[in-house]
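Participant: have a look; sequence and predicted model below, questions after that.
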Amino acid sequence: MNIALPPMGWNSWNTFGSNISDSLILETARAMKEKGYLEKGYEYIVIDDCWSLRERDAEGRLVPDPEKFPRGMKALADDIHALGFKFGMYSCAGVQTCAGYPSSYDHEFTDARTFAEWGVDYLKYDFCNFPAHADGKTRYATMSMALKASGRDILFAACNWGTDAPWKWMKSLGVHMYRSTGDIQDNFQSFSNIAKSQLDNFCMSGPHCFNDMDMLTIGMYGKGNVALGKACTEAEYQTQFGLWCMMGAPLILGGDIRSMDAASERLMLNERLLRIDQDPECRPPHVVYRGRVINNEYDPETGSWWHEYPDCGLTLFRHLSGNEFAVGYFNFAPKRGSVPFIFADAGLPYGSGVGLHLTDTITGEDLDVHRDYYNLDVEGHACRILLATLVS
Ligand code: GLA
């Protein structure tokens, strides 16, 4: 399998949890096609945990829950394929899935064959209920070989939540993407911490094996299965998508596509941002600023014009193909503040005479040519993502 770019698709878990069915999955696939997601590259439709019965059949095979999936998985997979998508499913390296359903420990080859028979193209492979004496790396290696022996090309999406620094070894096991962190929750703190925790690891993410920062929560607005804490704002969702695209992470959507609000839909279908995420060179970003953000608005409660937020500013610079670049300004502080971008930090010193022609990815605004530096005032919890070309 040649997985050359960060995989894109949709997964049932974030919004629906155990509340999944044949009709939900098909309705989602149809909505993704009608609303243009498939055309933009979101090609995998993935069913997460809770799809099976609690027991295997007499031959030791996993059985789809007939109440949720009355036609079985093959018929559903055929319909998903007929719409032009690829079909994803879920199992786990332990003895039970995280929600307590049978999983693939010591059943790897049987289950991989079953998935292949059903027409599965993508397997998310979790890490709950894993025997203490067993070795995680060996079991991910086993499922990788079982998938290869199944006779079907199946993308292997390992999900061990960052245990034992998977960025150092998953690629060597034939894995195509690996979850590098614990579960995302639909709040600003959760996804910000996930992205910050992976900034140093993206040099090990690239063609054939991508660092997966978890499914997105854009458009969920505090509803669904991973709602916890304060619901996100539109600006916060832009920050989520901006981080994933600037880092070149897989884009597996988690909201309810059927009833998505217009702003979230525009964001997830934004061609400039998708072009950054899917850039063929798959280079990680380079951190050109990480430090404080200062807010200079008068606060009558403290009587102060000076509010310092340590480690809340982040500027990422990314080399794209064709001598193009992307610049991401992130303000993790709750208040507006200036986030710097000094071109010398990206390799364009003062006096080089070379400037950057900048375009805003979200508004499409032409920001003109700048030299030496271009600092931006960014609202609290918001971001600005720019595309850049060199101008001599
Ligand atoms: C784990 C995974 C989640 C999801 C659930 C399902 O927590 O990390 O992404 O698959 O299990 O139970």
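Facilitator: Yes, it's here. Numbering: from 1, shown residues only.
Participant: for Tyr237, which three-state class applies?
Facilitator: Secondary structure, DSSP: H, G, I helix; E, B strand; the rest coil: Tyr237 is helix.
Participant: what about the helices in the stretch 1-150 of the chain?
Facilitator: 13-16, 22-34, 37-40, 72-82, 108-118, 136-148 (DSSP state H, counting those that start in this stretch).
Participant: dump those into TSV; add mean pLDDT as well.
Facilitator: Below are those laid out as TSV (pLDDT from 0 to 100):
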stretch	mean pLDDT
helix 13-16	98
helix 22-34	98
helix 37-40	98
helix 72-82	98
helix 108-118	98
helix 136-148	98
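Participant: so which of those helices is nearest Phe127?
Facilitator: Comparison of these against Phe127 by C-beta to C-beta identifies helix 136-148 as nearest, at 6.8 Å. For glycine as for every other residue, the C-beta is placed from the backbone atoms N, C-alpha and C.
Participant: which other helices and strands does the closest one contact?
Facilitator: Using 3 or more C-beta pairs under 8 Å, 6 or more residues apart in numbering; DSSP states H and E, the elements in contact with helix 136-148 are helix 108-118, strand 122-126, strand 155-158.
Participant: in JSON lines: those, plus distance to Lys35 and mean neighbour count.
Facilitator: What follows is the helices and strands packed on helix 136-148, written out as JSON lines (distance: least, C-beta to C-beta, whole Å; neighbours: other C-beta atoms under 10 Å):
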{"stretch": "helix 108-118", "distance to Lys35": "27", "mean neighbour count": "20"}
{"stretch": "strand 122-126", "distance to Lys35": "21", "mean neighbour count": "26"}
{"stretch": "strand 155-158", "distance to Lys35": "23", "mean neighbour count": "25"}
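Participant: looking at these, which is closest to the ligand?
Facilitator: Shortest distance between the ligand and the helices and strands packed on helix 136-148, using C-beta to the nearest ligand atom, is found for strand 122-126: 5.1 Å.
Participant: helices or strands next to that closest one in the packing?
Facilitator: Secondary-structure packing of strand 122-126 (3+ C-beta pairs under 8 Å, 6+ apart): strand 44-46, strand 86-92, helix 136-148, strand 155-158.
Participant: what residues does it touch?
Facilitator: Strand 122-126 has contacts (C-beta atoms under 8 Å, 6 or more residues apart in numbering) with 7, 9, 11, 44, 46, 48-49, 86-94, 97-98, 103-104, 112, 115, 140, 143, 147, 154-160.
Participant: please list which of those also come close to the ligand.
Facilitator: Contacts with the ligand within the contacts of strand 122-126, counted by C-beta under 6 Å from any ligand atom: Asp48, Asp49, Thr97, Cys98, Cys159.
Participant: which of the helices and strands packed on strand 122-126 sits closest to Lys168?
Facilitator: helix 136-148 (10.3 Å).
Participant: before we move on, back to that, mind giving me a markdown table with the helices and strands packed on strand 122-126 and columns for distance to Asn211?
Facilitator: What follows is the helices and strands packed on strand 122-126, written out as a markdown table (distance: least, C-beta to C-beta, whole Å):
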| stretch | distance to Asn211 |
| --- | --- |
| strand 44-46 | 17 |
| strand 86-92 | 18 |
| helix 136-148 | 15 |
| strand 155-158 | 11 |
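Participant: nearest to Pro207, of those?
Facilitator: Of all these, strand 155-158 sits nearest to Pro207, with 13.2 Å by C-beta to C-beta.
Participant: number of nearby residues for Pro349?
Facilitator: When neighbours are counted by other C-beta atoms under 10 Å, Pro349 registers 12.
Participant: for it, give me the pLDDT.
Facilitator: On pLDDT, Pro349 comes in at 93.
Participant: among the helices and strands packed on strand 122-126, which is nearest Arg384?
Facilitator: Arg384 lies closest to strand 44-46 among the helices and strands packed on strand 122-126, at 29.6 Å (C-beta to C-beta).
Participant: on contacts alone, who are the packing partners of the closest one?
Facilitator: Applying 3+ C-beta pairs under 8 Å, 6+ apart, one finds that strand 44-46 makes contact with strand 8-11, helix 22-34, strand 86-92, strand 122-126.
Participant: what lines up beside the shortest one in the sheet?
Facilitator: Strand partners for strand 8-11, identified by DSSP bridges, are recorded as strand 44-46 (parallel), strand 251-253 (parallel).
Participant: got the CA coordinates for that strand in PDB?
Facilitator: Taking C-alpha atoms only, strand 8-11 is exported to PDB below (Å, rounded to 0.1, in the frame of the first residue of the first chain):
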ATOM      1  CA  MET A   8      -8.500  11.800   5.400                       C
ATOM      2  CA  GLY A   9     -12.000  10.600   6.300                       C
ATOM      3  CA  TRP A  10     -14.600  10.400   9.000                       C
ATOM      4  CA  ASN A  11     -15.000   8.200  12.100                       C
END
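Participant: how about the helices of the stretch 1-150 of the chain in a markdown table, adding distance to Pro300?
Facilitator: Below are those laid out as a markdown table (distance: least, C-beta to C-beta, whole Å):
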| stretch | distance to Pro300 |
| --- | --- |
| helix 13-16 | 40 |
| helix 22-34 | 47 |
| helix 37-40 | 46 |
| helix 72-82 | 57 |
| helix 108-118 | 61 |
| helix 136-148 | 54 |
